[in-house]
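# just coords:
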């Protein structure tokens, strides 16, 4: 159940200018209509609360918010006290645009998926220089020290008391920020402030922070990014070094069970199944590709296969490709280490980040030494050092004699389901 079904208002949707087709004006209405009170509170924890307790907490936030936030004309104002305010609607991938005006020594922010935050403050406030205010606004301030995005790339703020324009593009956990038309965060991963071992939610509200000083907001508008556009955004970043390994016409350059796969309209489709390999031995590498699954679909990515035997065990691992709703769609239970993106049988990936059946998923897998990292639709879902796996704990106590392999073949491990692959490119990573 979404929070929006529990709350007291519905947002009035209005169109914006033709130059911004697809954007929706989300400025609150009277009594903060379309928004609610909120706080720095884990959205997953809020949704896990008993319904009565959740309603009570939200009602308290709402009451407090009405005492400190108000709409005047086309502006939203906070006196700097009380809670944050949040959209009633939960958002996923977005292009979010707004303008803000802070007071001298001001401090505020924008939470994405209810996670803090895109930082807003007065760079001239010397008392805040110990926290990095002199570097300017727009950074993902709650990211770990030294992490990409924590500090803005440039200082682009206008002086306190003037209006600043902020644009935020979020795809998965990947965030880019422009402040006054200057890029200040470039496709950085937003860390989960509440639990850094987990990636952020796929859907949650947008929040505006109240943090001690008056702040004004206007021109709040948002466009939800469809999956195909999201995939293009993900593919457009970090392309250097990647080379296409599928020509879109046939399986030239591939070997193995070539008759178990076909090519249709630029897409490799698993038919009968079997193991299909890119015909080059790889050591450290990254692969990017798009994956489309049918209901109950099952396949796998070969990671450093020897080209024979059961790759899930004889290779470094099988990086599982599986319908995220496999249990529901097949009636069969799986071990957590069989879920999509997992190092099969050894390390479980985080679930819940696949696109709906029929849509294309963008995935990047990076293999360096004994480590494997998986990013799905912009979300980091696996980061594992297989050399540290306790073999006494693996699924079904199965031996994995190949898990420490340092080179082998990449490919697809089919089980007869019509799983599809396209836009396949590989980057070989030199040894340091």
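Perfect, I can see it now. What you are looking at is a predicted structure, and each value in this text was computed from that prediction instead of being measured.
# how is the chain divided into domains?
3-225, 238-428 (automatic domain parsing).
# closest one to residue 231 among those?
domain 238-428 (4.3 Å; Cβ to Cβ). All C-beta atoms are positioned from the backbone trio N, CA, C, and that covers glycine.
# any idea how far apart the tips of stretch 303-313 sit?
Stretch 303-313 has its terminal residues 10 Å apart, counting by Cα to Cα, to the nearest Å.
# low pLDDT regions in the protein?
1-20 (pLDDT under 70).
# who touches residue 418 in this structure?
Neighbour list for residue 418: 269-271, 294, 297 [criterion: Cβ atoms under 8 Å, 6 or more residues apart in numbering].
# distance to residue 232 added to the domains of the chain, as a markdown table?
Shown next, in a markdown table, are the domains of the chain (distance: least, Cβ to Cβ, whole Å):
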| stretch | distance to residue 232 |
| --- | --- |
| domain 3-225 | 10 |
| domain 238-428 | 9 |
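# helix or strand for the residue nearest to residue 347 when sequence neighbours are not counted, which one?
What sits nearest to residue 347 in space, not counting adjacent residues and going by Cβ to Cβ, 6 or more residues apart in numbering, is residue 384, at 4.0 Å. Per DSSP states H and E: residue 384 is located in strand 379-385.
# ranges for the helices of this protein?
43-48, 51-68, 227-236, 311-314, 326-330 (DSSP state H).
# the residue nearest to residue 347 and residue 21: what is the separation?
43 Å (Cβ to Cβ, to the nearest Å).
# the more surrounded of these two?
residue 384 (19 against 9; other Cβ atoms under 10 Å).
# I'd assumed residue 368 was in contact with that one.
No. In this structure, residue 384 is not within contact of residue 368 by Cβ atoms under 8 Å, at 11.7 Å.
# so who does residue 187 touch?
174-176, 237-238.
# these: which two are farthest apart?
Largest pairwise distance in the contacts of residue 187, by Cβ to Cβ, is 14.5 Å, between 175 and 238.
# these two: who's more crowded?
Comparing residue 175 with residue 238 by neighbour count (other Cβ under 10 Å), the higher total belongs to residue 175, at 23 against 14.
# how many other residues sit next to the residue lying closest to the more buried one once chain neighbours are set aside?
Excluding its sequence neighbours, the residue lying closest to residue 175 (Cβ to Cβ, 6+ apart) is residue 190, at 5.0 Å. By other Cβ under 10 Å, 26 other residues sit near residue 190.
# taking the centroid of this protein, which residue is nearest it?
residue 172 (2.1 Å; Cα atoms, centre = their mean).
# how near is that residue to residue 92?
9 Å.
# once you drop chain neighbours, what's closest to the residue lying farthest from the centre of the chain?
Computed with Cα atoms, centre = their mean, the residue of the chain farthest from its C-alpha average is residue 259, at 35.7 Å. Excluding the flanking residues, the one nearest residue 259 by Cβ to Cβ, 6+ apart is residue 272, at 6.9 Å.
# before we move on, the earlier item: what's near enough to touch the closest residue to the residue nearest to the centre of the chain other than its chain neighbours?
Excluding the flanking residues, the one nearest residue 172 by Cβ to Cβ, 6+ apart is residue 378, at 2.0 Å. Counting by Cβ under 8 Å, 6+ apart, residue 378 touches 93, 171-174, 230, 234, 362.
# now stretch 235-243, how far from the centre of its chain.
18 Å (Cα atoms, centre = their mean, to the nearest Å).
# buried stuff in that stretch?
Neighbour-count burial for stretch 235-243 flags 235, 242 (criterion: 16 or more other Cβ atoms under 10 Å).
# ok so, going back, the residue nearest to residue 259 contacts residue 416, correct?
Yes. At 6.2 Å, residue 272 counts as touching residue 416 under the criterion of Cβ under 8 Å.
# which residues touch the residue lying closest to residue 247 once chain neighbours are set aside?
In space, residue 247 comes closest to residue 253 once its chain neighbours are excluded; the distance is 7.4 Å by Cβ to Cβ, 6+ apart. Applying Cβ under 8 Å, 6+ apart to residue 253 gives the contacts 245-247, 278-279.
# and of those, the nearest to residue 408?
For the contacts of residue 253, the nearest to residue 408 is residue 278 (10.8 Å; Cβ to Cβ).
# ok, that closest one to residue 365 distance?
13 Å.
# equivalent analysis for residue 237, please.
16 Å.
# give the bridge partners for residue 99, please.
residue 165, residue 218 (DSSP bridges).
# I'd say it and residue 165 touch.
Yes. With contact defined as Cβ under 8 Å, residue 99 counts as touching residue 165 (5.2 Å).
# surely residue 188 meets residue 149?
Yes. With contacts counted by Cβ under 8 Å, residue 188 reaches residue 149, the gap being 2.6 Å.
# next, show the common contact partners of those two.
Common contacts of residue 188 and residue 149 (Cβ under 8 Å, 6+ apart): 140, 143, 175.
# my guess is the second one meets residue 196, correct?
Right, residue 143. No. Distance between residue 143 and residue 196: 9.4 Å, which falls outside the contact criterion (Cβ under 8 Å).
# of these two, who's got more company?
residue 143 (21 against 11).
# sorry, back to before: export the shared contacts of residue 188 and residue 149 to JSON lines and tack on distance to residue 342?
JSON lines is the format used below for these (distance: Cβ to Cβ, whole Å):
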{"residue": "140", "distance to residue 342": "28"}
{"residue": "143", "distance to residue 342": "26"}
{"residue": "175", "distance to residue 342": "26"}
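# out of those residues, which sit inside strands?
Using DSSP state E to define strands, the subset of the shared contacts of residue 188 and residue 149 located there is residue 175.
# now stretch 277-285: buried residues?
Of the residues in stretch 277-285, 277-278, 282-285 count as buried by neighbour count, 16+ other Cβ under 10 Å.
# rewinding a little: out of the shared contacts of residue 188 and residue 149, which is nearest to residue 396?
Using Cβ to Cβ, these come closest to residue 396 at residue 143, 38.3 Å.
# residues contacting the closest one?
So residue 143 contacts 149-150, 188-191 (Cβ under 8 Å, 6+ apart).
# what about those, which are in strands?
188-189.
# which of the contacts of residue 143 tops the neighbour count?
residue 190 (26 neighbours).
# that one reaches residue 171, doesn't it?
No. Look at residue 190 against residue 171 with Cβ under 8 Å: they stay out of range, at 10.7 Å.
# now do the same contact list for residue 358.
residue 292 are the contacts of residue 358 under Cβ under 8 Å, 6+ apart.
# now do the strands in the stretch 201-350 of the chain.
207-208, 215-224, 243-244, 254-256, 261-264, 267-270, 274-278, 285-292, 298-305, 317-322 (DSSP state E, counting those that start in this stretch).
# thanks a lot, catch you later.
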